[in-house]
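K.L.:
Any chance you can model this:
(chains A and B, ligands or ions: 2)
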Amino acid sequence: MEMMSGAAMVVRALKDVGVKHVFGYPGGAVLDIYDALYAQEDVQHVLVRHEQAAAHMADGYARATGQTGTVLVTSGPGATNTLTGIATAYMDSIPMVILSGQVPSVHIGEDAFQETDMVGCSRPIVKHSFLVKRAIDIPDAIAKAYYIANTGRPGPVVVDLPKDIVNIQESHPYQFPDKVQMRSYNPTIKGHMGQIKKALKALLDAKRPVLYVGGGAIACDASSLVTELAEKLHLPVTNTLMGLGAFPGDHQQCIGMLGMHGTLEANKTMHNADCILALGARFDDRVTNNVDKFCPHATIIHVDIDPASISKTVNAHIPVVGSVKSVLTQFFEQMHEINDTERKEQLADWWEQIASWRTRKCLNYASSNELIKPQQVIESLYRHTQGDAYVSSDVGQHQMFAALYYPFAKPRRWINSGGLGTMGFGLPAAMGVQFAHPDAVVCCVTGDGSIQMNIQELSTCMQYGLPVKIISLNNRALGMVRQWQDMIYKGRHSHSYMDSLPDFVKLAEAYGHVGIKVDKPEELEDAMARCFALKDKLVFMDIAVDQNEHVYPMQIKYGAMDDMRLSKTERT
Amino acid sequence: MRRIISVLMENEPGALSRIIGLFSQRGYNVDSLCVAPIEDSSLSRLTITTAGDDKVIEQITKQVNKLIDVLKISDLTDGSHVERELMLIKVATRSDAVRDEVKRTVDIFRGQVVDITPRNYTIEITGTSDKLDAFIQTMSQTAEIVELSRTGVCGLARGEKAMRQ
Ligand SMILES: Cc1ncc(C[n+]2csc(CCOP(=O)(O)OP(=O)(O)O)c2C)c(N)n1
Ligand SMILES: [Mg+2]
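P.N.:
Numbers count the residues shown, from 1 in each chain, chains lettered A, B, ... in the order given. Ligands and ions are numbered 1, 2, ... in the order given. This is a model prediction of the structure:
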């Protein structure tokens, strides 16, 4: 058996798992591991400027590829700085492994320098965690961590490593497990046949069916199956914020995003449906609005890999536990030949009804000669990237505009913090995507508030030459907060303005990048073209947009799904 | 409604805190908790009494089951079961009359006096939680209760049904 130090084992185990990139930041407790990282080429370490960003980078990397993202940080503040990133990944079921240094075993519990109980601090926001006690257990713990993170419902896993066990002066036998097996962890992947038959019957009998597709369909790479099912059965499809791209946004059967800022047609279709097939979606409160008024006519079929997600908020009539991919495969095995003409006829009235909702064109907005409209920026971005970019976003109005006005045709292209809504996510997440896909066009749609929450990473971008395109919708305000204040708090803009914003162009230049300022509508197209012509450069587009624009449609609180405001003056 | 939930889990450091953490994080009650290793000491069995409607209990079972350390979970109150709780209770015995009355009560409840000093008796008593409540109630009318400690409920399903690895 090969002999090596605990620190060498960490690096070796990462290599054996197949890790290519580690996002991290050094400190006392992990100096041995950093020493082991030195002068080796199997694992590339990316030095960030703040540990929160390391977690978001690993997260963006994982969302874009489906592979587990990896973070390495020191004990104490290094570890606690990752918590927001871990929570973000947890809420969106993103596979991630966080290796955190810990004080030497003998000092645990003594309030030693830079000691925090990382396993304790992260407990409610991880899928699982390990505090490794002996060097020889390192390979096993790391193998298990990656296995847990990226099987079943994915999620973040913390591996806490006390300094003494990674000591480079000591040597231990290294053995990486051939196969990970855990008696207490066996996620259900295949659906129950009886349930599948019931579900299929309900779906085929329905007169007003709808597919409601969430991030779970992307997590198990089931997008092509979703499309196949929708096309075969002529089903209307709505994607959640996390599910954008699971079904092509430019497909004629796509009725857009649903929920709080969903389209009129998506929310109407849901509300009036007689059968909802939920695929890897979790009936989150940002979708359902008032659960007591939620979709009163529908038989609900809920397919999810996590049994705890089923009937948590909305009762499922036909629960199916399993991965969307396996369950849809089983669906096809059970499905008889479909007569296309009959099928179309069966749903003709329903599609007619949907067409009438579509005529409202709920995403139309009034353009202006003086002010750039945020929607217009996203439409321009769509054109200049041929609808095929990786787009990360931060949190706020700009996020909703991006979600609504950039119809993602492919899965894993839309990278956003849906569950936790973490401002500061966008830039580092985009960087993670760019590391995974060095040649792809990667954009970060952000706002003047959010971008400042991890702006230090512009320095990391310089170091690694990441040509991320930052599209900042600068409305000089915490726009989404301001919108709520306009709507609910009589326009009392309590602390929602951004006083003394920096000159973002100069700031970008200070970090060695290109900055472009855009104020006027007529400058927008040229500026976008310039931005995307600079292929190898990070470009920071500081675009002054109309400060008074609101995101519509918007559900009305306590109402049903389809109780919505359509503009400042109109409602359903 | 009161429920007794039985959990078979890895006997690992941190496993218990995950379960307890989950209860507080998701706002579930823990009325009592009883935990110890089983014959295979790599496993622990934990019994929680909690309260909630069917929907809450369903969520509790699913969420606990989702924890990586948990092998099995079952709601004992779903079927017929045996449940017991053990209590040690120390009462002041200031006079012969009190001593006699205490002894009589202990006999009626099938308890046992396990320690005696000139000033007090320590009694061991086992039964359902209701029985222990009744004992405390009765005893408090006879003697001053100095202190008591209860284990919390533990239980098993009746008959063939068993929760094994
Ligand atoms: C870390 C964090 N803090 C606070 C919030 C609450 N919040 C949601 S949107 C928003 C405003 C975002 O402003 P900006 O980034 O400029 O985007 P805009 O809405 O103006 O497009 C705030 C403060 C949050 N989501 N995340
Ligand atoms: Mg803003």
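
K.L.:
Any regions of chain B where pLDDT drops low?
P.N.:
Chain B contains no residues with pLDDT under 70.

K.L.:
Just give the closest residue to A:Tyr124, not the sequence neighbours.
P.N.:
No Tyr there; residue A:124 is Pro. Of all residues not flanking A:Pro124 in the chain, B:Gln25 sits nearest, at 4.7 Å (C-beta to C-beta, 6 or more residues apart in numbering or on different chains). Where C-beta positions appear, they are placed from N, C-alpha and C, glycine not excepted.

K.L.:
Confirm for me that the one you found is in contact with A:Tyr90.
P.N.:
No: assessed by C-beta atoms under 8 Å, B:Gln25 is found out of contact with A:Tyr90, at 11.9 Å.

K.L.:
neighbour count winner among those two?
P.N.:
A:Tyr90 (20 against 13; other C-beta atoms under 10 Å in any protein chain shown).

K.L.:
Please list all residues in contact with that one.
P.N.:
Going by C-beta atoms under 8 Å, 6 or more residues apart in numbering or on different chains, A:Tyr90 touches A:125-127, A:155-156, A:419-420.

K.L.:
got TSV for those, with secondary structure, neighbour count and distance to A:Ala403 too?
P.N.:
Listed next are the contacts of A:Tyr90 as TSV, based on DSSP: H, G, I helix; E, B strand; the rest coil; neighbours: other C-beta atoms under 10 Å in any protein chain shown; distance: C-beta to C-beta, whole Å:
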residue	secondary structure	neighbour count	distance to A:Ala403
A:Ile125	helix	21	24
A:Val126	coil	25	27
A:Lys127	coil	25	26
A:Gly155	coil	22	23
A:Pro156	strand	33	24
A:Gly419	coil	20	14
A:Leu420	coil	18	16
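
K.L.:
can you put these in CSV and add distance to A:Gln44?
P.N.:
CSV is the format used below for these (distance: C-beta to C-beta, whole Å):
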residue, distance to A:Gln44
A:Ile125, 27
A:Val126, 25
A:Lys127, 25
A:Gly155, 24
A:Pro156, 21
A:Gly419, 29
A:Leu420, 28
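
K.L.:
and chain A, which of its residues are near chain B?
P.N.:
Contact residues (C-beta under 8 Å from any C-beta of the partner chain) of chain A with chain B: A:119-120, A:123-124, A:127-129, A:131, A:148, A:182-185, A:306-308, A:311-312.

K.L.:
ok, which of the residues you listed also contact ligand 2?
P.N.:
The overlap between the residues of chain A next to chain B and the neighbours of ligand 2 (C-beta under 5 Å from the ion) is empty.

K.L.:
Buried subset of those as a PyMOL selection?
P.N.:
Of these, the buried ones can be selected in PyMOL as follows, counting by 16 or more other C-beta atoms under 10 Å in any protein chain shown:
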select buried, chain A and resi 119+123+127+128+129+131+148+184+185+306+307+308+311+312
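
K.L.:
What about the residues of chain A next to chain B, which are in helices?
P.N.:
Counting by DSSP state H, the part of those found in helices is A:119-120, A:148.

K.L.:
ok, so of these, who is nearest ligand 1?
P.N.:
Taking C-beta to the nearest ligand atom as the measure, A:Gly120 is the one of these closest to ligand 1, at 22.6 Å.

K.L.:
A:Gly249 in helix, strand or coil?
P.N.:
coil (DSSP: H, G, I helix; E, B strand; the rest coil).

K.L.:
which residues does it contact?
P.N.:
Under the criterion of C-beta under 8 Å, 6+ apart, the neighbours of A:Gly249 are A:239, A:256, A:406-409.

K.L.:
Now rank the residues you listed by neighbours and give me the top one.
P.N.:
Counting neighbours by other C-beta under 10 Å, the top entry in those is A:Asn239, with 34 neighbours.

K.L.:
distance of whatever residue of the stretch 301-450 of chain A ends up closest to chain B from ligand 1?
P.N.:
Residue nearest to chain B within the stretch 301-450 of chain A: A:Ala308 (3.8 Å; C-beta to the nearest C-beta). Per C-beta to the nearest ligand atom, to the nearest Å, A:Ala308 is found 25 Å from ligand 1.

K.L.:
Go through the ones in helices among the residues of chain A next to chain B and name the one nearest ligand 2.
P.N.:
A:Gly120 (35.8 Å; C-beta to the ion).

K.L.:
Leaving aside the residues adjacent along the chain, what's closest to the closest one?
P.N.:
B:Ser17 (7.3 Å).

K.L.:
what kind of secondary structure is that neighbour in?
P.N.:
helix.

K.L.:
what helices or strands is the helix ranked longest in chain A leaning on?
P.N.:
Identified as the longest helix of chain A according to DSSP H is helix A:51-65. Packed against helix A:51-65 by the contact rule (3 or more C-beta pairs under 8 Å, 6 or more residues apart in numbering or on different chains; DSSP states H and E) you find strand A:21-25, strand A:69-73, helix A:77-80, helix A:83-91, strand A:96-102, strand A:414-415, helix A:426-436.

K.L.:
Tell me the helix or strand right after the last one.
P.N.:
Going back to what we said before, that points to helix A:426-436. Remark: after helix A:426-436, the chain's next helix or strand is strand A:442-447, criterion DSSP states H and E.

K.L.:
just how off-centre is the next helix or strand after that following strand within its chain?
P.N.:
Proceeding N to C from strand A:442-447, the next assigned helix or strand is helix A:458-464, under DSSP H and E. Put simply, helix A:458-464 sits 23 Å off its chain's centre (C-alpha atoms, centre = their mean, to the nearest Å).

K.L.:
helix or strand right after helix A:458-464?
P.N.:
Following helix A:458-464 in sequence, per DSSP H and E, is strand A:469-474.

K.L.:
what angle sits between that next one and strand A:442-447?
P.N.:
10 degrees (axes from the mean of the first three to the mean of the last three C-alpha atoms, to 10 degrees).

K.L.:
residue ranges for the strands of chain B, please.
P.N.:
Assigned by DSSP state E, the strands in chain B fall at B:2-10, B:32-37, B:43-51, B:70-75, B:81-92, B:112-116, B:120-127, B:145-150, B:154-157.

K.L.:
can you list the residues that contact the first one?
P.N.:
Contacting residues not belonging to strand B:2-10 are listed as A:184, B:15, B:19, B:31, B:38, B:42-52, B:57, B:60-61, B:64, B:67, B:69-77, B:81, B:83, B:153, B:155-156, B:163-165 [C-beta under 8 Å, 6+ apart].

K.L.:
for it, which positions count as buried?
P.N.:
So, applying 16+ other C-beta under 10 Å, buried residues of strand B:2-10: B:3-10.

K.L.:
Turn those into CSV, columns for distance to ligand 1.
P.N.:
Shown next, in CSV, are the buried residues of strand B:2-10 (distance: C-beta to the nearest ligand atom, whole Å):
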residue, distance to ligand 1
B:Arg3, 37
B:Ile4, 41
B:Ile5, 36
B:Ser6, 41
B:Val7, 36
B:Leu8, 40
B:Met9, 35
B:Glu10, 35
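
K.L.:
can those residues go into TSV with extra columns for distance to A:Met561?
P.N.:
As requested, the buried residues of strand B:2-10 are arranged in TSV below (distance: C-beta to C-beta, whole Å):
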residue	distance to A:Met561
B:Arg3	33
B:Ile4	39
B:Ile5	35
B:Ser6	39
B:Val7	37
B:Leu8	41
B:Met9	40
B:Glu10	42
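
K.L.:
How many residues are close by the closest residue to A:Lys520 other than its chain neighbours?
P.N.:
Take A:Lys520 and drop its neighbours on the chain: the residue closest to it by C-beta to C-beta, 6+ apart is A:Ile372, 7.2 Å away. Other residues lying near A:Ile372 total 25 when counted by other C-beta under 10 Å.
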